[in-house]
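[1] I'd like to go over a predicted model; first the sequence, then the structure.
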Amino acid sequence: MASSSGTSSGSPLIQNSGSEEDLQALMDQRKRKRMISNRESARRSRMRKQKHLDDLTAQVSQLRKENHQIITSINITTQRYLNVEADNSILRVQISELSKRLESLNDIIGFLNSNNGVFGDSSTFNEPAPDSFLNPWSMPYLNQPVMASAEIFHY
């Protein structure tokens, strides 16, 4: 009986060790599944990270391109502005010069129309000439002042 009780007690040990082996195999299988799942998850994560990096790289490239276009546009606009400023400076000088000429011409007309006696009798200028084209002093526009203002030079 002792031998049969030894065998019977050994039999549950074999069943226990078989259960433990099955349990160990089941745990190893779950561990492998988790490891495979974790590897797959890590691979997807790396792929997302790489896609995000590629998107950022493309965005940097696009922004650099836009930045270059903006800088080029600013440079062109600045050059146009400098050209317009130079043209305006020239026009201001011309306005000043033409205004001085106009003032001088008005002074000359005023002097010629005055009765100060420098050219003798002023009635000489008022006498009708036989041919008004040959006598410029009798032209009707001579007695009118030349009128102009700086606004006529603005565009």
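    Noted; the coordinates are in hand. Numbers count the residues shown, from 1 in each chain.

[2] May I ask which helix or strand encompasses I90?
    Counting by DSSP states H and E, the element that carries I90 is helix 2-113.

[3] That helix - what's its average pLDDT?
    Across helix 2-113, the average pLDDT comes to 88.

[4] what's around L102, how many residues?
    15 (other CB atoms under 10 Å). In short, each C-beta sits where N, CA and C put it, glycine included.

[5] for I76, that is, sorry about that
    10.

[6] same thing with L98?
    14.

[7] Please report the distance of it from F111.
    20 Å (CB to CB, to the nearest Å).

[8] Just list what the helix holding I90 packs against, helices and strands only.
    Counting contacts by 3 or more CB pairs under 8 Å, 6 or more residues apart in numbering; DSSP states H and E, helix 2-113 packs against no other helix or strand.

[9] What separation do you get for N67 and T57?
    15 Å.

[10] Sorry, wrong one. I was asking about L98.
    As judged by CB to CB, L98 and T57 stand 61 Å apart.

[11] what's the answer for R30, then?
    Note on R30: its distance to T57, by CB to CB, is 40 Å.

[12] now do V93
    V93 is 54 Å from T57, by CB to CB.

[13] just the CA coordinates of stretch 33-45, formatted as PDB?
    Output of stretch 33-45 as PDB, limited to C-alpha atoms (Å, rounded to 0.1, in the frame of the first residue of the first chain):
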ATOM      1  CA  LYS A  33       2.400  37.900 -27.800                       C
ATOM      2  CA  ARG A  34       3.000  41.000 -25.600                       C
ATOM      3  CA  MET A  35       6.600  41.300 -26.900                       C
ATOM      4  CA  ILE A  36       5.300  41.000 -30.600                       C
ATOM      5  CA  SER A  37       2.500  43.500 -29.800                       C
ATOM      6  CA  ASN A  38       5.000  45.900 -28.200                       C
ATOM      7  CA  ARG A  39       7.400  45.600 -31.100                       C
ATOM      8  CA  GLU A  40       4.600  46.300 -33.500                       C
ATOM      9  CA  SER A  41       3.400  49.300 -31.400                       C
ATOM     10  CA  ALA A  42       7.000  50.600 -31.300                       C
ATOM     11  CA  ARG A  43       7.300  50.100 -35.100                       C
ATOM     12  CA  ARG A  44       4.100  52.100 -35.600                       C
ATOM     13  CA  SER A  45       5.300  54.800 -33.200                       C
END
